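**Student:** generate a structure from the sequence data that follows.
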Amino acid sequence: MSAPVIVLPGYLAGDGSTLALRAYLTRCGHRVAGWQQGRNRGDVRRLVPRIIDEVTRRYEAGGQRVHLVGWSLGGVIARETAREIPNAVAQVITMGSPVIGGPKYTVVARAPRRSGMSLDEIERAFAKRNEVPIKVPVTALYSKRDGIVAWQACIDPNPDNDVEHLEFNVTHVEFPWNATVLKQIAARIDAVAADGRR
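**Tutor:** Numbering: from 1, shown residues only. Sure thing, here's the model as predicted:
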């Protein structure tokens, strides 16, 4: 079954970084788009409303809930979008996404600190958001070989969320290119679409 999919890139990456993943999902028969926001500069509060608008537009135009696939910070944005508009989102699939602590448990933690942002405040904001359940299925892909994001930060902290965690033996940059990962993402989209939650 063909499903609408939007793929969101990680921090400082753009649509070019998810080209292989999007091409694979397109070959699987899905209607796949990049996020079309240029480089992901990490401003989640500014980006989430834009993705909400795009998901809502696609949902209203086609009548099918949109599947969101997010790599790293893109997964955080996908989760926040689904949290806000679950009626328009079929599911969220994250790859190496720091859902606990935001940048605090990543190798790029120095960047917000240099900008005068408090990592502890960001972590508290993430914790507060995570108290609100996400009302769509979530599949969280993580790797203990990640090297960029601590794998523990990829584990969903809210027991009320419908989350399945899947471990892969890949580095952070391999997620949207690895054949096993791509097949699993396609399988999850097929399963949720076939289940009628679309």
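**Student:** quick one: find the helix or strand in the protein with the lowest mean pLDDT.
**Tutor:** Lowest mean confidence among the helices and strands of the chain (mean pLDDT, DSSP states H and E): helix 110-114, at a mean of 63.
**Student:** tell me how far stretch 75-91 is from the chain's mean position?
**Tutor:** Remark: stretch 75-91 is offset 9 Å from the chain centroid, using CA atoms, centre = their mean, to the nearest Å.
**Student:** going forward, the N-terminal residue is numbered 82.
**Tutor:** Renumbered: residue one is now 82, and that last one reads stretch 156-172.
**Student:** now do the SS call for the closest residue to residue 200 other than its chain neighbours.
**Tutor:** The shortest distance from residue 200 to any non-neighbouring residue, by CB to CB, 6 or more residues apart in numbering, is to residue 185 (4.3 Å). Quick note: C-beta positions are derived from backbone N, CA and C, even for glycine. Using DSSP: H, G, I helix; E, B strand; the rest coil, the structure places residue 185 in helix.
**Student:** repeat that for residue 241.
**Tutor:** coil.
**Student:** residue 213 is in contact with that one, correct?
**Tutor:** No. When contacts are counted by CB atoms under 8 Å, residue 241 is not listed as touching residue 213 (9.2 Å).
**Student:** dihedrals phi and psi, residue 148?
**Tutor:** Main-chain torsions, residue 148, degrees, to the nearest 10: phi -90, psi 130.
**Student:** hmm, residue 204 is touching residue 182, no?
**Tutor:** Yes. Using CB under 8 Å, residue 204 is in contact with residue 182, at 4.5 Å.
**Student:** who has more neighbours, the two?
**Tutor:** Comparing residue 204 with residue 182 by other CB atoms under 10 Å, the one with more neighbours is residue 182, at 21 against 17.
**Student:** separation between the more buried one and residue 86?
**Tutor:** Distance, residue 182 to residue 86, using CB to CB, to the nearest Å: 28 Å.
**Student:** which residues does residue 89 bridge with?
**Tutor:** Note on residue 89: beta-bridge partners residue 151, judged by DSSP bridges.
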